[in-house]
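Colleague: quick one: sequence and predicted model below, then my questions.
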2 protein chains.
Amino acid sequence: MQLAAVIDAGGVSEGAAMLGLTQPAVSRSLAMLEARVGEPLFIKGRRPLQATALGSQLAVQGRAIISASRRASDVVQGFVRGTTGQVRLGGVPFFIDAMISRMVGEFLNLEPGVTVQQAYMNLPELTAALEANQIDIGIVPIGALDLGPRFVFTEILPGRNIVACRPGHPLMRKRPLEAGDLTRYPWVAPLPGSPLMSDLQMILMSIGMSDLNIRYSGGSLMSVVHVLAETDALAVLPFSVVFAQRQENRITVLPYDIPQPNRSLGILRLTSGPRNPAVERFAGYIISAFEDLKHVIRRHERSVVWAAGPDSSM
Amino acid sequence: MQLAAVIDAGGVSEGAAMLGLTQPAVSRSLAMLEARVGEPLFIKGRRPLQATALGSQLAVQGRAIISASRRASDVVQGFVRGTTGQVRLGGVPFFIDAMISRMVGEFLNLEPGVTVQQAYMNLPELTAALEANQIDIGIVPIGALDLGPRFVFTEILPGRNIVACRPGHPLMRKRPLEAGDLTRYPWVAPLPGSPLMSDLQMILMSIGMSDLNIRYSGGSLMSVVHVLAETDALAVLPFSVVFAQRQENRITVLPYDIPQPNRSLGILRLTSGPRNPAVERFAGYIISAFEDLKHVIRRHERSVVWAAGPDSSM
DNA sequence: CGCACAGTATAGCAATATGTCATGAAGTTG
DNA sequence: CAACTTCATGACATATTGCTATACTGTGCG
C-alpha cells in the first residue's frame, strides 16, 4: 500500500502524507520491503522518484489492496447507516406482485446502495428460510397461531378477502346476490399452498357447496388478473391486492360478503437476528408505505360510499 | 484477510491453519474487528459457522486483499526468475519488422508470463528513452562512436548493407554492373533519420552522384518490400533484412559492392539500470537467436557460392 | 564550482498490534 | 449426559510500526 501511495504521489513525503503517515515511517518500510524482495523498487539517485519495473508491478497490487481496504470501510459505514447492503426478502406471491414489488422499487430509488433479493414462498418455507438465515425478512399473512418467541411479527394490514371479477361482470348488476349465483360462474383458484387456498375452502363451506367449477389455477397475480378480466370467472383475493389494481380497472370487488379469515398481512423477522440496518430501513419503509396505503384505502372507501349515496356513518 | 479465510474455510481453526496462524490469534483479531466495527460478523451459537450480512460483505474485500497479496508474491517470484514481467523494447523499424518481431513471437511462446511493449525509434530517441527509463532495451545499429560509460552495447550482427531489388530486375542479368546503372533506376529511400539514410548518402558520394531518382520514401519494411517487388526500384537495405525475407522470394541482393558502414546491429542497455531478469532473458534470447542466424547465413552463403561454381577457398 | 534547499535515509525510542501457549467455555453428537 | 470438537480468554513475548530528531544526498541556482 505504501509503495503504491508513494509511486502515485510521486515522492516518499507526499505518499506518506497521503496515507496519514510520516515520511520516515514510509521510507523505512519501503527499505525493508526492498530488502525482503531483494530487488530495488526505485531507481536510486533520481530526483523525480522513479519506480523500477518490479516496483510498478507491485504497486498495482498495492493499489488493489488500498481500494479493497477503502471499500471495506465503505461497507462498514454504509452498513451502520443502512445505506448499503443486501435485503433478502421472502413473501407470498400475490402480495409481493401487487404491492411489495412496487414499494421495493421506490425503496431502491431512495437507497441506491441497497440491493434487494427476493424469493417467493409461503409461511412454512418462510419460517424455515428465516431460521436458516437465507432471508432477512418475510412478508406474509399470518393467523392467530403463535410462531413462538423466535419470531417477531409486525402487522401491516388487516386481512380482508373479497370476491373479485371483471368490472362488467353480469353479477355486478344482479341484486340481491346470493350464494348460488357465485357457483354458477367459473372460478380461478390461487396457488396451492397459499393462504388464499384455505380461505377458498372456508368460503365453500360457508355457502354449503362442496366444490366449485375451477377453470384456472396456479397462476401468478398478473395471470389471474388477465384471466379474470377476459372471462366471467370469479376469484377470492385480498382486498388490498384488488385495490392496488384499481388504476388498471381490469378487476373489481363483487359486493358479496364472504367469511373473513382471522389473518393479517405483516412482516416476519427473527427475534434474535443480527442487527441489519439496511433490513431495518426496508422494513420501516414498507410499514410506512402501508400506513399511507391504509389512509388511501379509507379515503377511497369513503368516496365509494358517497358515490353510492350519502351515509352519515362515513 | 482472516475474516475471509475463516468464512471460506468454514471455521476459525481451519481458517487460521489456512493462513499459517494459530486459532487463538485469529479468534482474537476477529473479535477485535467486531469490536471496531461495532457489529457482529458472525451469528453466535451456530456450529457450522455462519457469517452475518456484514461479515460476508467484508469477506469479499478480504478475499480481494488476499488475492492481491498472493499476486504480489507471484510478481516478485516471477521477477527474480525472469518468467514474469514486462520488456519495453525500442528499435529501428526495419530490423524490428524483419527479424526482431519474429523472435519476440518465439520468446513470448517460451515465456508466457512476459509481455513485450515495443516502440519504433532511432538512435537519438532510443538513448533518451533508455535514460528516461521509458524502455529497458534497444535494438539499434551503432557506429564506432562511443556513447559513454552510461550505456553498454552488445553486438549481435555485423552491419552489412546491400542494394536490393526484385529477383527479376533487369540489372540482375547485366554484367558488369557499373555505378551508372544504379542511377538509371528509381530508388526507394528509407525513413528519414534512420541509419540507412546516411548510408544512402555515403553511397551516393562514392559513385560520384549528387542525387538519385527517389520515387518512394517513408514506408515501413513491408511497404518497401512491396514497392521493390512490384517495380524496378532499388533500395539500400541491410543484408540481414533481405536475408530474412528470402522465404518470400520478393526481393533479392543485387551483386554490386557498395561502401560498407562502420556499424553493427546490437543491443543497447543502460550500464547502471536496475536488474530485470525478464529483460535479461529477452536479451539472451535475442543474442542466441542471432547467433543461430549467423550460422544460417554462413551456410546459405556457402551454398550460394557453390551454386555459382566451385570455390576452393571454402 | 560551491552553496542553499528539498527530499530521503538513519537512529533511537515508544506504543501497540499480533503472535504463541495454556486453559476455560460452549456447542454438537453419540 | 458424557465425550469430543471448536471457539473464546488470559498471560505473556516480541516484532511491527509509528514518531521525533538528525544526518545524508541529489538538484538547482548564483
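Modeller: Here it is on my side, so go on. What you are looking at is a predicted structure, and each value in this text was computed from that prediction instead of being measured.
Colleague: which element is the closest residue to chain B within the stretch 201-314 of chain A on?
Modeller: Of all residues in the stretch 201-314 of chain A, A:Pro274 sits closest to chain B, at 4.3 Å by CB to the nearest CB. For glycine as for every other residue, the C-beta is placed from the backbone atoms N, C-alpha and C. Here A:Pro274, judged by DSSP states H and E, is contained in no helix and no strand.
Colleague: pretty sure it sits against B:Ala53.
Modeller: Yes - counting by CB atoms under 8 Å, B:Ala53 is a contact partner of A:Pro274 at 7.4 Å.
Colleague: looking at these two, which is more packed in?
Modeller: B:Ala53 (24 against 20; other CB atoms under 10 Å in any protein chain shown).
Colleague: the closest residue in space to A:Pro158 that isn't next to it in sequence: how many residues sit nearby?
Modeller: The shortest distance from A:Pro158 to any non-neighbouring residue, by CB to CB, 6 or more residues apart in numbering or on different chains, is to A:Ser264 (5.3 Å). A total of 18 residues lie near A:Ser264 under the criterion other CB under 10 Å.
Colleague: so A:Ser264: helix, strand or coil?
Modeller: strand (DSSP: H, G, I helix; E, B strand; the rest coil).
Colleague: also A:Glu155?
Modeller: Here A:Glu155 is recorded as strand under three-state DSSP.
Colleague: circling back: separation between the residue nearest to A:Pro158 and DNA strand D?
Modeller: 38 Å (CB to the nearest atom of the strand, to the nearest Å).
Colleague: ok, that residue touching A:Thr154?
Modeller: No - look at A:Ser264 against A:Thr154 with CB under 8 Å: they stay out of range, at 9.7 Å.
Colleague: which residues touch the residue lying closest to the residue of the stretch 201-314 of chain A closest to chain B once chain neighbours are set aside?
Modeller: Excluding its sequence neighbours, the residue lying closest to A:Pro274 (CB to CB, 6+ apart) is B:Thr52, at 4.3 Å. By CB atoms under 8 Å, 6 or more residues apart in numbering or on different chains, the contact list for B:Thr52 reads A:Pro274, A:Asn276, B:Glu39, B:Pro40, B:Leu41, B:Phe42, B:Ile43.
Colleague: tell me which element A:Lys294 is part of?
Modeller: helix A:277-308.
Colleague: identify each buried residue in that helix, please.
Modeller: Buried residues in helix A:277-308, defined by neighbour count with 16 or more other CB atoms under 10 Å in any protein chain shown: A:Pro277, A:Ala278, A:Val279, A:Arg281, A:Phe282, A:Ala283, A:Tyr285, A:Ile286, A:Ala289, A:Phe290, A:Leu293, A:Ile297.
Colleague: and of those residues, the nearest to B:Pro186?
Modeller: The shortest approach to B:Pro186 among the buried residues of helix A:277-308 belongs to A:Ala278, at 77.1 Å (CB to CB).
Colleague: who's in contact with the closest one?
Modeller: By CB under 8 Å, 6+ apart, the contact set of A:Ala278 is A:Phe79, A:Gly82, A:Thr83, A:Thr84, A:Gly85, A:Gln86, A:Val87, A:Glu111, A:Val114, B:Ala53.
Colleague: out of those, which are inside strands?
Modeller: In strands, judged by DSSP state E, the following of these are found: A:Gly85, A:Gln86, A:Val87, A:Val114.
Colleague: related to what we said a few turns ago, now, which of the contacts of B:Thr52 sits nearest A:Val188?
Modeller: Closest to A:Val188, out of all of these and judged by CB to CB, is A:Asn276, at 37.8 Å.
Colleague: give the contact list for the closest one.
Modeller: Going by CB under 8 Å, 6+ apart, A:Asn276 touches A:Phe79, A:Gly85, A:Val87, A:Asp136, B:Thr52, B:Ala53, B:Leu54.
Colleague: and the residue nearest to A:Pro158, what are its bridge partners?
Modeller: Assessed by DSSP bridges, A:Ser264 has beta-bridge partners A:Ile142, A:Pro158.
Colleague: quick one: name the residues of chain A near DNA strand C.
Modeller: Within chain A, the residues that sit near DNA strand C (CB under 7 Å from any atom of the strand) are A:11-14, A:23-24, A:27-28, A:30-31, A:42, A:47, A:49.
Colleague: weed out the non-buried ones from these.
Modeller: A:Gly11, A:Val12, A:Ser13, A:Ser27, A:Leu30, A:Phe42, A:Leu49.
Colleague: redo those residues as TSV? Include secondary structure and pLDDT.
Modeller: Formatted as TSV, those follow (DSSP: H, G, I helix; E, B strand; the rest coil; pLDDT from 0 to 100):
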residue	secondary structure	pLDDT
A:Gly11	coil	83
A:Val12	helix	85
A:Ser13	helix	85
A:Ser27	helix	87
A:Leu30	helix	88
A:Phe42	strand	84
A:Leu49	coil	78
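Colleague: how far away is the residue nearest to A:Pro274 from A:Ser73?
Modeller: B:Thr52 sits 17 Å away from A:Ser73, going by CB to CB, to the nearest Å.
Colleague: could you find the closest non-adjacent residue to the residue in the stretch 151-300 of chain A positioned nearest to DNA strand C?
Modeller: Per CB to the nearest atom of the strand, A:Ser272 is where the stretch 151-300 of chain A lies closest to DNA strand C, at 11.5 Å. In space, and not counting its chain neighbours, A:Ser272 is closest to A:Arg150: 7.2 Å by CB to CB, 6+ apart.
Colleague: and the one you found, how many neighbours does it have?
Modeller: The number of residues packed near A:Arg150 is 12, by other CB under 10 Å.
Colleague: quick check, it in contact with A:Leu268.
Modeller: No - using CB under 8 Å, A:Arg150 is not in contact with A:Leu268; the gap is 10.5 Å.
Colleague: just flag the most distant two among the contacts of B:Thr52.
Modeller: Longest span within these, CB to CB: A:Asn276 and B:Phe42, 13.7 Å.
Colleague: just give me the closest of the contacts of A:Asn276 to DNA strand D.
Modeller: B:Thr52 (12.5 Å).
Colleague: let me see the contact set for the closest residue to DNA strand D within the stretch 151-300 of chain A.
Modeller: Distances between the stretch 151-300 of chain A and DNA strand D by CB to the nearest atom of the strand are smallest at A:Pro274, namely 13.4 Å. Residues in contact with A:Pro274 (CB under 8 Å, 6+ apart) are B:Glu39, B:Pro40, B:Ile43, B:Thr52, B:Ala53, B:Leu54.
Colleague: against A:Lys294, how distant is the nearest residue to the first one once chain neighbours are set aside?
Modeller: Counting by CB to CB, 6+ apart, B:Glu39 lies nearest to B:Leu54, which is 5.2 Å off, once chain neighbours are set aside. Using CB to CB, we find B:Leu54 at a distance of 34 Å from A:Lys294.
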